[in-house]
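Enquirer: here is my input; please provide its structure:
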Amino acid sequence: MKKGKEQQSWEREHLETFKVSLTPSKNLYPCVYNPGESLTGTVEITNVKPIQFKAISVKCHIWCGVSPRKNEKSWVAEEQYLNSTVTVADKGTLERGLHSFPFNFLIPATAPTTYSGPYGSTDCEIQAIIDNPLISKVRKTSFVILKPLNLNDLPNIQDINSSSVTKDFTYMLVKKGTIILKATSDLRGYSHGQAIILETEIENRSEKSTSTVVARFMQKVTYQTKTPIYVKSAIAVIKGTGVNANKQARWKEKIIVPALPQSRLESCRLINIEYYIQVSLKSPEVSLTLPIFIGDVRVDTTNRTPPPPVPEVPQSPPPSTRSTTPTPTSRSPSRPPCGCFASPSTPLAGPEADVLQAEEILTESHSQPQDGSASPHSFYRIAFFQTFSATGHFCTL
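Expert: Okay, the predicted model is just below:
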């Protein structure tokens, strides 16, 4: 078998063109296919000299691999979804001229959506091979599988997403306080281009102001190597002002979902993708998370059940006109129940001074542009090329 410069010389003398062309799919992009779809194409060869060959074959390979080393494809674990070879021409001679050989493969229904990460990927490749006694020539092209995730198939996806945490803390050695952190998002699942409406409420029951509040939209990818590798990255980061002592504050912001891989690569056991929103304070140290699902088909909210009404807080009876002095057995509470707050303009005095006054958290910074200039289509196209063009053999769009 010839190698190196001899191969290059042989190719220049014999081959004018040798390429693999895929038939455009029914999707938005011509090289994106769905599981269960037929993948068809042709091998095109233009030779200037006769070529003897043992066989001309086409191989379709779909697999997933993970590695403990970053950006290396020396996989320590693999899953195979399709590894099939068809012969398009038996032993013979290619006379001078243009030759075209059609091929067809059926993409398995179990094939996961294509994904590429630093420690693993799901790859899809077509190889055309000319095998002759002197040399074996190979041409490759890549394609993408998209297995749409319908968010409506996930349980409780229409419900409001909420979480809360209460933490007691000590400051200035002897003083004690309580922080109550609550956060909600309007849905549990989103697709690219949608806005996550995030509402945060903080009750600072202490004489010390808090640090700034930070909301992060996070991605967590797990690669199932011998020792699992976890890669976390922030998709969006928003910072808001802190909450003053003995105040209650509310914050409402939105996060635009860019084009992202699905929350789950169905049928793939080596790579797992998760998303969540983390809301946190550094001082006092407290945080919570809201799990988020990212899919391709948006949540249908037309038949959404409205949330139950918030019960009214019972009003205290008016003070008696007979006597303003409490009896020895009566006792005024030193602190109201959680959730009772006074208007910022309401002056407080006496026992009612423990009622928390309300204020607003102001946004200090947002990592995303808020002018709405990027459309869902542009989001998808940018991510599409960033994710899959790294193969170097991606078919022309």
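
Enquirer: tell me where the stretch 101-250 of the chain has strands.
Expert: In the stretch 101-250 of the chain, the segments counted as strands under DSSP state E, counting those that start in this stretch are 115-117, 120-131, 136-142, 144-145, 161-171, 175-185, 189-190, 195-205, 213-223, 229-240, 247-256.

Enquirer: mean neighbour count added to these, as CSV?
Expert: (C-beta placed from N, C-alpha, C; glycine too.) Shown next, in CSV, are those (neighbours: other CB atoms under 10 Å):
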stretch, mean neighbour count
strand 115-117, 18
strand 120-131, 22
strand 136-142, 17
strand 144-145, 23
strand 161-171, 14
strand 175-185, 18
strand 189-190, 25
strand 195-205, 19
strand 213-223, 20
strand 229-240, 16
strand 247-256, 19
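
Enquirer: nearest to residue 107, out of these?
Expert: Proximity to residue 107 (CB to CB) singles out strand 144-145 among the strands of the stretch 101-250 of the chain, at 6.5 Å.

Enquirer: Provide the strand pairings for that closest one, with the direction of each partner.
Expert: Strand 144-145 has its sheet partners listed here by DSSP bridges as strand 32-33 (parallel).

Enquirer: pull the contacting residues for the closest residue to residue 362 other than its chain neighbours.
Expert: For residue 362, the nearest residue in space outside its immediate sequence neighbours is residue 241; the separation is 4.8 Å by CB to CB, 6 or more residues apart in numbering. When the contact criterion is CB atoms under 8 Å, 6 or more residues apart in numbering, the partners of residue 241 are 212, 213, 361, 362, 364.

Enquirer: weed out the non-buried ones from these.
Expert: Buried members of the contacts of residue 241, counted by 16 or more other CB atoms under 10 Å: 212, 213, 361.

Enquirer: thought the last one was touching residue 248?
Expert: No: look at residue 361 against residue 248 with CB atoms under 8 Å: they stay out of range, at 10.4 Å.

Enquirer: intersection of neighbour lists for the two?
Expert: The overlap between the contact sets of residue 361 and residue 248 (CB under 8 Å, 6+ apart) consists of residue 202.

Enquirer: out of the strands of the stretch 101-250 of the chain, nearest to residue 262?
Expert: Distances from residue 262 to each of these were compared by CB to CB, and the smallest falls on strand 115-117, at 8.4 Å.

Enquirer: helices or strands up against the closest one?
Expert: Of the remaining helices and strands, those touching strand 115-117 by 3 or more CB pairs under 8 Å, 6 or more residues apart in numbering; DSSP states H and E are strand 120-131, strand 271-281, helix 376-388.

Enquirer: that strand pairs with which strands, and in what direction?
Expert: Each strand paired with strand 115-117, and its direction, by DSSP bridges: strand 120-131 (antiparallel).

Enquirer: CA-only coordinates of the strand it pairs with in CSV, if you can.
Expert: Once non-C-alpha atoms are left out, strand 120-131 reads as follows in CSV (Å, rounded to 0.1, in the frame of the first residue of the first chain):
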residue,chain,number,x,y,z
GLY,A,120,-17.3,13.9,24.6
SER,A,121,-19.6,14.1,21.6
THR,A,122,-22.2,12.3,19.5
ASP,A,123,-20.8,12.1,15.9
CYS,A,124,-22.4,11.3,12.6
GLU,A,125,-20.2,10.6,9.6
ILE,A,126,-20.3,9.2,6.0
GLN,A,127,-17.2,7.7,4.5
ALA,A,128,-16.6,6.8,0.9
ILE,A,129,-13.8,4.4,0.2
ILE,A,130,-12.0,3.4,-3.0
ASP,A,131,-10.1,0.2,-2.3
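
Enquirer: can you state the direction angle for that strand and strand 136-142?
Expert: Put simply, strand 120-131 runs at 140 degrees to strand 136-142, going by axes from the mean of the first three to the mean of the last three CA atoms, to 10 degrees.

Enquirer: ok now strand 120-131, how far from the chain's centre?
Expert: A distance of 26 Å separates the centroid of the chain from that of strand 120-131, by CA atoms, centre = their mean, to the nearest Å.

Enquirer: what sits against residue 129?
Expert: In this structure, residue 129 makes contact with 55, 56, 57, 58, 59, 136, 137, 138, judged by CB under 8 Å, 6+ apart.

Enquirer: coming back round to it: got the phi/psi numbers for the residue nearest to residue 362?
Expert: Main-chain torsions, residue 241, degrees, to the nearest 10: phi -70, psi 160.

Enquirer: same thing with residue 11?
Expert: Residue 11 adopts backbone torsions of phi -70, psi -40, taken as degrees, to the nearest 10.
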